[in-house]
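when you get a sec, could you give me coordinates for this:
(one chain, ligands or ions: 2)
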Amino acid sequence: MRLSHVTFQASNALKLIEEFVTKYKFHPFAARGLDGGSSCQVALRNGGVVFMVNENTQKTHENPVMLYDIPLPIPFLDTACNVSFEVEDVPGLYRHLVDEGCQLLLPPTELHDDFGSVTYCIVKSVVGNVSHTLIDRRHYKASFLPGFKYLKNNTNNLSSGNLTHVDHIAYACPFGTSPSILEWYRRCFGFQHFPLYKGEDPERGLEITGHRIGLRLTSLVCPRLGEGCKLVLAESLPQEGINQVDQFIEHHTDGGIQHIGLSTPDIFKAARDLSHLGVRFASQPSSYYSEPRKQKEIYNVGLEPQMLEKFGILIDSATEDILSEDASKKFLLQVFAEPLFSKNSVFLELIERRSAEGFGEGNIRALWRSMQDLQEDLTVKEHEAQ
Ligand SMILES: O=C(O)C(=O)Cc1ccc(O)cc1
Ligand SMILES: [Fe+2]
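Residues are numbered from 1 along each chain as shown. Ligands and ions are numbered 1, 2, ... in the order given. Model prediction:
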């Protein structure tokens, strides 16, 4: 099993495609329905990350000529709604999912063109509006999927991206649902609980509460996916005021893909490039970088606080004792980008892992607060614009 791509549904697909191209350095490489059909679909790539953008231009269910995905119910919502996996035995997996009582949206279906054939089926996830397309493309020779036309002027594009793979997909989940979501992914696809601290109870996950934060985080890993893609379940815990998970769920009925963590080998270069192209990152108060403990942590791994501060990059060392000189060099650098659509919509994250596999509580707190600040700022801007 391998992550193939993540699909976005947008009421204005061309706008989202332009955003991915001009701000996030993605390159469109395959498309269908651009000639005025009832739906258009475009596949874009940055390094090892593939996104698909769907637009159902007629905004109806009557003629959803959408391949590899099922259009979401109306009213139309701008969202990331499908995570596609490459698998080897679609009929076998389909039977397994039926036996597990899953809601199958499309039975095994074969499509072919001059480059070969693929078989796929679609299953509804237990999380909000999310579905999974399971594709066997072993008998397909071109770079995407049958039904798509390959775009020209596509040379050199593979090397220009600086994203290597999808590191994790974070779901916003209704309160109390994480254990049953974990159980569903375990039974259906073989995911396992990935503890974020020693002795973490899978029923409870990591609970983070305090000033302006109330979050329960449960992480899942799938050994069949190799090093790729964890799932992160984010639930809101009661805290003062509204928060990003509650608001996301309110906006998306039962939750869904809140953010996608994209792995880069050089977060400083990636953040600088994207920032020059107009991506706004969720920033930290400058006190984060002047705090003596944090400064020591940054210098200890051979970095400079100013490098991080420029783009709001956060650091979390995996070691217990960040102040010791021989602190292990395992650490994690992360930053959240602004929401792709409205202020409560899906957003992207850049993440650089230096041997650290999990998620650090320090970074989680800081990421959470940075997104709270950014959303509050977007709310103020919305009011001013009215
Ligand atoms: O650390 C990470 O990358 C996370 O994904 C944790 C996280 C999840 C949801 C939030 O709203 C804020 C932080
Ligand atoms: Fe994340």
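
quick one: the helices in the stretch 1-150 of the chain?
13-22, 90-99 (DSSP state H, counting those that start in this stretch).

so what touches the last one?
By CB atoms under 8 Å, 6 or more residues apart in numbering, the residues outside helix 90-99 that reach it are 87, 104, 107-108, 119-121, 123, 134-136, 188. The way it works is simple: take the backbone N, C-alpha and C, and place the C-beta from them, glycine included.

over to the first one?
Contact with helix 13-22 is made by 8, 10, 26-28, 40, 42, 44, 46, 51, 53-55, 78, 277-278, 340-341, as judged by CB under 8 Å, 6+ apart.

can you do 6 Å?
10, 26, 40, 42, 44, 53, 55 (CB atoms under 6 Å, 6 or more residues apart in numbering).

this protein - how does it break down into domains?
2-150, 164-263, 266-385 (the TED database).

residue ranges in the stretch 101-250 of the chain under the pLDDT threshold?
The stretch 101-250 of the chain contains residues with pLDDT under 70 at 153-161, 227.

for the residue in it that ligand 2 sits nearest to, which non-adjacent residue is spatially closest?
With CB to the ion as the measure, Ala170 is the residue of the stretch 101-250 of the chain nearest to ligand 2, at 4.9 Å. Leaving aside its chain neighbours, Ala170 sits nearest to Val232 (4.1 Å; criterion: CB to CB, 6 or more residues apart in numbering).

following element in sequence after the helix or strand that neighbour falls within, please.
Element membership of Val232 [criterion: DSSP states H and E] is strand 230-236. Tracing the chain C-terminally past strand 230-236 and defining elements by DSSP H and E, one meets helix 244-251 next.

what does the stretch 51-200 of the chain put close to ligand 1?
Ala170 (CB under 6 Å from any ligand atom).

contact residues of the protein facing ligand 2?
For the chain, the residues in contact with ligand 2 (CB under 5 Å from the ion) are 170, 261, 349.

now, which of those residues sits nearest ligand 1?
Ala170 (4.4 Å; CB to the nearest ligand atom).

is the closest one in contact with Leu231, as I believe?
No - with contacts counted by CB atoms under 6 Å, Ala170 stays clear of Leu231, the gap being 7.9 Å.

what sits closest to the residue of the stretch 1-150 of the chain found nearest ligand 1 if chain neighbours are left out?
Across the stretch 1-150 of the chain, the shortest distance to ligand 1 (CB to the nearest ligand atom) belongs to Val127, at 13.6 Å. Of all residues not flanking Val127 in the chain, Tyr171 sits nearest, at 4.8 Å (CB to CB, 6+ apart).

test my guess that the one you found contacts Glu235.
No - using CB under 6 Å, Tyr171 makes no contact with Glu235, being 9.4 Å away.

neighbour count winner among these two?
Between Tyr171 and Glu235, counted using other CB atoms under 10 Å, the more crowded position is Tyr171 (27 against 24).

mind listing the strands for the stretch 101-250 of the chain?
104-113, 116-124, 131-136, 149-150, 165-173, 192-193, 206-210, 213-221, 230-236 (DSSP state E, counting those that start in this stretch).

give me the contact list for the first one.
The contact list for strand 104-113, computed with CB under 6 Å, 6+ apart, reads 70, 90-91, 94, 117-124, 131, 146-147.

among those residues, name the buried ones.
Using 16 or more other CB atoms under 10 Å as the burial test, the contacts of strand 104-113 include 70, 90, 94, 118-123, 131, 146-147 as buried.

mind putting those residues into TSV with distance to Thr209?
Below are the buried ones among the contacts of strand 104-113 laid out as TSV (distance: CB to CB, whole Å):
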residue	distance to Thr209
Ile70	38
Val90	43
Tyr94	42
Val118	46
Thr119	46
Tyr120	42
Cys121	41
Ile122	38
Val123	34
Ser131	32
Pro146	49
Gly147	48
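
in the chain, which residue sits closest to ligand 2?
Closest approach between the chain and ligand 2, counting by CB to the ion: Gly261, at 4.1 Å.

is the one helix or strand that residue maps to in proximity to ligand 1?
Using DSSP H and E, Gly261 maps to strand 256-263. Yes - using CB under 6 Å from any ligand atom, strand 256-263 reaches ligand 1 at Gly261.

may I have the strands that pair with that strand, each with its orientation?
strand 165-173 (antiparallel), strand 347-354 (parallel) (DSSP bridges).

ranking the ones you listed by burial, who's on top?
Among those, the stretch with the highest mean neighbour count (mean count of other CB atoms under 10 Å) is strand 165-173, at a mean of 23.
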